[in-house]
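Enquirer: coords please:
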Amino acid sequence: MDGVSVEGQRVRRDAPGSPGTSGGPSAGPAPARIGPAPGQPQTPVPWTAIGLPTMASMLVVSLGRTGSRSFTARCQWPRLHPLNERSAEVRHHPLIMVESARQLALAVERRHLLGEDAPAFVPASVGLGLRPGVQPQERDAATDVEALLVLSDLAAVRDRLTAYRITAEFRHRGAPFASCTMRLAAPARPRAASRADGPGPAGLLHPPAAAVGAAADGDVLVARAPQGRMVLLPRDPAHPVLLPGRPDRLPAPAVLEAARQATLLRSGRTADAVVGLSVDLRAPVPSYGAVIEVESEAAGSRFLVTAARRAVATGSVMLGRP
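Expert: Numbering: from 1, shown residues only. Reported below is the predicted structural model:
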């Protein structure tokens, strides 16, 4: 693949907004695309091409390029996805939309940014917005979803791509119902996450799945601690969707889901009340034991995750009117 060196990898010269060569950091939109004119029809995205463990994990069907930094894609969300409620008619779990955005970002990376052999970038911040009352409800096998993507904010240091942002608008039958903005960064060198602040697992109690808007007990990521505190403690440390591969630190989507659960537990609201989610990782989040503090506001809550008395993640959960 013809390209320039980027963090020990090679960046495609036809990458949308390829990083500049000034030698300094480049924040915000990168220089104009170098290469042939864009405009490619959608083609299938193999699950192996974006590093998924199984074909069952795949939510993206195809991807095409419509402009220098714009793309269109087709997703398919199964009614019986592990995170969805087991009922005749389901409204898809918000984390399905987040995971779809992550898979779309990986597909853009492999095809248009870094190439198929480069280490995948990881989410550093996520923002999800839902339009109440217009989300598709599925009675059959799966929901076909169109996604419109915009790539922006490519950042580079000495021709090395360090981060980028992707925004996905999800549509069903032409009507937008959700959007997800995700900032992804180059994988950091392995280092231990901060030690946990909370008590050991023996002193914690997991709430029922229904109390945190989860479909099954194995999906629960938070536990009650003494003195009214809440701690991140996945009931299934190797959850196939939220924690594939049993990671030693919590990825951004899992922290986002834990905050959603903590907010619903604190507020007593149901899962349908959630209309927005956001998280920003500041440091590695340990796989269990970090304390999550939830502060209620008029439109939802703000949350802070701490480990070793250090803030490792912040964000918010927006709730609709009762």
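Enquirer: measure stretch 128-146 end to end?
Expert: 16 Å (Cα to Cα, to the nearest Å).
Enquirer: so what are the domain limits for this structure?
Expert: For the chain, automatic domain parsing gives the domain ranges 3-185, 201-319.
Enquirer: pretty sure Q261 is in a helix, no?
Expert: Yes. Assessed with DSSP: H, G, I helix; E, B strand; the rest coil, Q261 lies in a helix.
Enquirer: what sits against it?
Expert: 212-214, 220-222 (Cβ atoms under 8 Å, 6 or more residues apart in numbering). To be clear about C-beta, it is placed using only N, CA and C from the backbone, and glycine gets the same treatment.
Enquirer: how close does the closest residue to it other than its chain neighbours get to F177?
Expert: Nearest residue to Q261, sequence neighbours excluded (Cβ to Cβ, 6 or more residues apart in numbering): V212, at 3.6 Å. Separation of V212 from F177 (Cβ to Cβ, to the nearest Å) stands at 23 Å.
Enquirer: Turn the domains of the chain into JSON lines, columns for mean pLDDT.
Expert: Putting these into JSON lines (pLDDT from 0 to 100) gives the following:
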{"stretch": "domain 3-185", "mean pLDDT": "83"}
{"stretch": "domain 201-319", "mean pLDDT": "94"}
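Enquirer: list the contacts for the residue nearest to Q261?
Expert: 220-222, 260-262, 264-265.
Enquirer: and which of those residues is nearest L242?
Expert: Closest to L242 out of these is L221 (6.9 Å), distances taken as Cβ to Cβ.
Enquirer: How far off centre is the strand ranked longest in the chain?
Expert: Looking across the chain with DSSP state E, the single longest strand is strand 142-157. Centroid displacement of strand 142-157 relative to its chain, using Cα atoms, centre = their mean, to the nearest Å, is 12 Å.
Enquirer: Surely I96 and L83 touch.
Expert: Yes. At 6.2 Å, I96 counts as touching L83 under the criterion of Cβ atoms under 8 Å.
Enquirer: and the two? which has more neighbours close in?
Expert: A count of neighbours by other Cβ atoms under 10 Å puts I96 above the other of I96 and L83, at 22 against 19.
Enquirer: hang on, the more buried one in a helix?
Expert: Yes. Under three-state DSSP, I96 sits within a helix.
Enquirer: From here on, call the first residue 18.
Expert: With 18 as the first residue, the last one maps to I113.
Enquirer: On the three-state scheme, the spatially closest residue to it that is not a sequence neighbour is what?
Expert: In this structure, I113 finds its nearest non-sequential neighbour in W94, 5.5 Å apart by Cβ to Cβ, 6+ apart. What three-state DSSP gives for W94 is strand.
Enquirer: All good on my end, thank you.
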